[in-house]
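Participant: Take this sequence and fold it.
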Amino acid sequence: MASLQFLSFADARRHAAATVVVDSILPRAALTLAHWRGAPTPPAFRDDTSAGSALRAVAAPPAALLAARYVTANHFDVDGFVGVWALLHPALARRHDELLRLVAVLGDFREIDWRHPLAEPALQLVCWLNAEEKARFYEPFGAPARRRREDEASAEKFDWFLPRFAEILENPAAGRAAWLPEFERVRAAAAVMQGPATTLRRYPDLGLTVVRTPQPLPYYALFGPTAGTDLVLSLYDGQRYEFEYKYTTWIDLESRPTRPRLPLDKLVNELNARETSGHAWAADGVTDTGPLLRLTGRKLSKVQRYADPDQRPIYASSISPDEMEQLVVRFFQQHYAGIEPRRYWSWDEVRAAGAVLG
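Facilitator: Okay, the predicted model is just below:
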């Protein structure tokens, strides 16, 4: 496999026919390795994460990869970065394939299985990437606030991380000062999730997990036990609630079928008809990467919505936890009736499924 060179997305547009694009779509690219909905990733390389697709290609390089000269992505996140890095360092990527896959899943889906022997190294790597990104550059989705385009600004992140990641991958202790604060915060939150104060109720026929836990927690702890489901209703003490469509329903998930996201307008209306707290319920659109249903105060930015639940205000509702759970469950039982889970929903099909709600 010939050595590739990283190109910024802007430069890659001029060399598309010689470029592998990861976790993005680039018209006329030599090869696409992305889990984005509708991305032209070859069937042999489809995976839950874009990094997983890249690792599949590294393990069995197709002719398009062997002939390519460049690799690019139009944004920086954990999954996309790992995929780009793997293509630039195929021997190391093959050696650490399992760990890199866990890193990508944790970075994108925020899911971790604490029973896995590589769970803690995976969390350390993700925390290192997060900490250095925020300290040296800007937080995820923060480019517009700095009047910059993400596809241009993110190239600086790749330039810094690409030559440094191998050292931390092979010796996480070298980055301990950076990753330790978030690592300890997530481990403490995981202990809460695993403790007696937290209960989980699963509705397999809806792909829904209801989490009751005392306070908002980091996603890496909160979402771990929800793996295999795509909807999460979090019920916190003080009648504070959030509902979220996980990122697993924004992409083309390879490992299992999913249901389409439905617009939540009817549920919002029903909640607001019962709400007497002075706050109003609102929900993000289905094409948002992680749509939230929550009581509103001051409008959240994309950065705040992407941040952990314990990093944003969550308001007290007048609705009881039991009633909140019943209303959410009833909404999806009613509107998922007749919709069978499957793979590879197009956005047009997602919208059509929601259109019948009126």
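Participant: got the domain boundaries for the protein?
Facilitator: With automatic domain parsing as the criterion, the domains of the chain are listed as 5-142+151-188, 197-355.
Participant: just those domains: most buried one?
Facilitator: Ranked by mean neighbour count, the domains of the chain are led by domain 5-142+151-188 with a mean of 19 (mean count of other Cβ atoms under 10 Å). From N, CA and C alone the C-beta is placed, and that goes for glycine too.
Participant: Going by contacts, tell me the helices and strands next to the helix or strand of the chain with the lowest mean pLDDT.
Facilitator: The helix or strand of the chain with the lowest confidence, counting by mean pLDDT, DSSP states H and E, is helix 302-306 at a mean of 81. For helix 302-306, the contact count by 3 or more Cβ pairs under 8 Å, 6 or more residues apart in numbering; DSSP states H and E identifies no helix or strand as a packing neighbour.
Participant: which residues touch that helix?
Facilitator: Counting by Cβ atoms under 8 Å, 6 or more residues apart in numbering, the neighbours of helix 302-306 from elsewhere in the structure are 139-142, 144-145, 284, 288-290, 292, 311-312.
Participant: Now with 7 Å, please.
Facilitator: Applying Cβ atoms under 7 Å, 6 or more residues apart in numbering, the external contacts of helix 302-306 come out as 139-142, 290, 292, 312.
Participant: now, which of those lie within strands?
Facilitator: Residues from the contacts of helix 302-306 lying in strands, with DSSP state E as the criterion: Leu292.
Participant: Now the residue of the chain most remote from its centre. Its backbone dihedrals?
Facilitator: Largest separation from the mean C-alpha position in the chain: Thr276, at 33.3 Å (Cα atoms, centre = their mean). The phi and psi torsions at Thr276 (degrees, to the nearest 10) take the values phi -130, psi 10.
Participant: quick one: contacts for it?
Facilitator: Ser318.
Participant: Show the pLDDT at it.
Facilitator: The pLDDT attached to Thr276 in the predicted structure is 98.
Participant: Give me the distance between the most centrally placed residue in the chain and Leu102.
Facilitator: When the chain is reduced to its mean C-alpha position, the nearest residue by Cα atoms, centre = their mean turns out to be Asp108, at 3.0 Å. Spatial separation of Asp108 from Leu102 under the definition Cβ to Cβ, to the nearest Å is 11 Å.
Participant: Ala273 belongs to a strand, doesn't it?
Facilitator: No. Ala273 is assigned helix when assessed by DSSP: H, G, I helix; E, B strand; the rest coil, not a strand.
Participant: ok, now which ones touch it?
Facilitator: No residues are in contact with Ala273 under the rule Cβ under 7 Å, 6+ apart.
Participant: Now do it against Ile319, distance only.
Facilitator: With Cβ to Cβ as the criterion, Ala273 and Ile319 are 10 Å apart.
Participant: Repeat that for Phe81.
Facilitator: Using Cβ to Cβ, one gets 40 Å for the distance from Phe81 to Ile319.
Participant: Equivalent analysis for Arg305, please.
Facilitator: Separation of Arg305 from Ile319 (Cβ to Cβ) stands at 22 Å.
Participant: Equivalent analysis for Glu98, please.
Facilitator: Distance of Glu98 to Ile319, computed by Cβ to Cβ: 43 Å.
Participant: Ok, Ala59 next?
Facilitator: Ala59 sits 50 Å away from Ile319, going by Cβ to Cβ.
Participant: Poorly predicted segments of the stretch 201-350 of the chain, please.
Facilitator: Within the stretch 201-350 of the chain, the stretches with pLDDT under 70 are 298.
Participant: where along it do the strands fall?
Facilitator: Taking DSSP state E, counting those that start in this stretch, the strands of the stretch 201-350 of the chain run over residues 208-213, 231-236, 240-245, 280-283, 292-296.
Participant: Packing partners of the fourth one?
Facilitator: Identification of packing neighbours for strand 280-283 by 3 or more Cβ pairs under 7 Å, 6 or more residues apart in numbering; DSSP states H and E yields helix 265-274, strand 292-296.
Participant: so Val105 touches Thr49, yeah?
Facilitator: Yes. The pair Val105 / Thr49 is scored as a contact, 6.0 Å apart, by Cβ atoms under 7 Å.
Participant: Relative to Thr226, which of the helices and strands packed on strand 280-283 is closest?
Facilitator: Thr226 sits nearest to strand 292-296 of all the helices and strands packed on strand 280-283, at 15.0 Å, using Cβ to Cβ.
Participant: and of the helices and strands packed on strand 280-283, who's closest to Ala91?
Facilitator: Nearest to Ala91 among the helices and strands packed on strand 280-283 is strand 292-296; the distance by Cβ to Cβ comes to 41.3 Å.
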